[in-house]
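[1] Let me see the structure of the following:
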Amino acid sequence: MFDVIYINNDEGGFGGPSRVAEGTTVQQFLEQKLGNYDPSRYLIRVNRAPCVADQVLHANDRVTLSPTKVDAA
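    Predicted coordinates for the structure are as follows:
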């Protein structure tokens with residue numbers, strides 16, 4: 001287990017450390033955090049670079065989730 005920094009810019013946003021098991025991919029991590037999510041709704045980056053769903057996370061990676069469309073209230 002190791003920590004990654006998770007920043008969610010959706011619905012008010014929040015950020016902080018999250019514990020991750022060795023071999024966890026970006027997709028697995030976000031499914032754990034968000035449940036059934038639609039990746040087409042988000043720009044997902046690891047260490048400020050766009051990533052692929054099967055990218056394996058490493059200690060101290062920074063995962064950023066930003067909506068591609070912001071809903072008006």
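
[2] where's residue 6 relative to residue 16, distance?
    Distance, residue 6 to residue 16, by C-beta to C-beta, to the nearest Å: 7 Å. For the C-beta atoms, the positions are set from N, CA and C on the backbone; glycine is no exception.

[3] With neighbour numbers in mind, choose between these two.
    The residue with more neighbours, out of residue 6 and residue 16 and counting by other C-beta atoms under 10 Å, is residue 6; that gives 19 against 9.

[4] Now that the more buried one has come up, it's in contact with residue 15, right?
    Yes - counting by C-beta atoms under 8 Å, residue 15 is a contact partner of residue 6 at 6.4 Å.

[5] Check which residues of stretch 17-33 are buried.
    18, 20, 24-30 (16 or more other C-beta atoms under 10 Å).

[6] Any chance of those in a markdown table with secondary structure and pLDDT as columns?
    Putting those into a markdown table (DSSP: H, G, I helix; E, B strand; the rest coil; pLDDT from 0 to 100) gives the following:
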| residue | secondary structure | pLDDT |
| --- | --- | --- |
| 18 | strand | 95 |
| 20 | strand | 97 |
| 24 | coil | 98 |
| 25 | strand | 97 |
| 26 | helix | 95 |
| 27 | helix | 93 |
| 28 | helix | 95 |
| 29 | helix | 96 |
| 30 | helix | 93 |
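
[7] for those residues, which one is nearest residue 45?
    For the buried residues of stretch 17-33, the closest approach to residue 45 (C-beta to C-beta) belongs to residue 26, at 9.5 Å.

[8] Give the residue spans of the chain that score low on pLDDT.
    Counting by pLDDT under 70, the chain shows low-confidence ranges at 11, 70-73.

[9] before we move on, what SS does residue 65 have?
    Counting by DSSP: H, G, I helix; E, B strand; the rest coil, the backbone at residue 65 sits in strand.

[10] brain fart, residue 53
    For residue 53, the secondary-structure state derived from three-state DSSP is coil.

[11] One more: residue 40?
    Here residue 40 is helix, with the state taken from three-state DSSP.

[12] what's the burial count for residue 35?
    Residues lying near residue 35 (other C-beta under 10 Å) number 7.

[13] Now it. Its backbone dihedrals?
    Main-chain dihedrals, residue 35, degrees, to the nearest 10: phi 70, psi -130.

[14] Brilliant, that's me finished.
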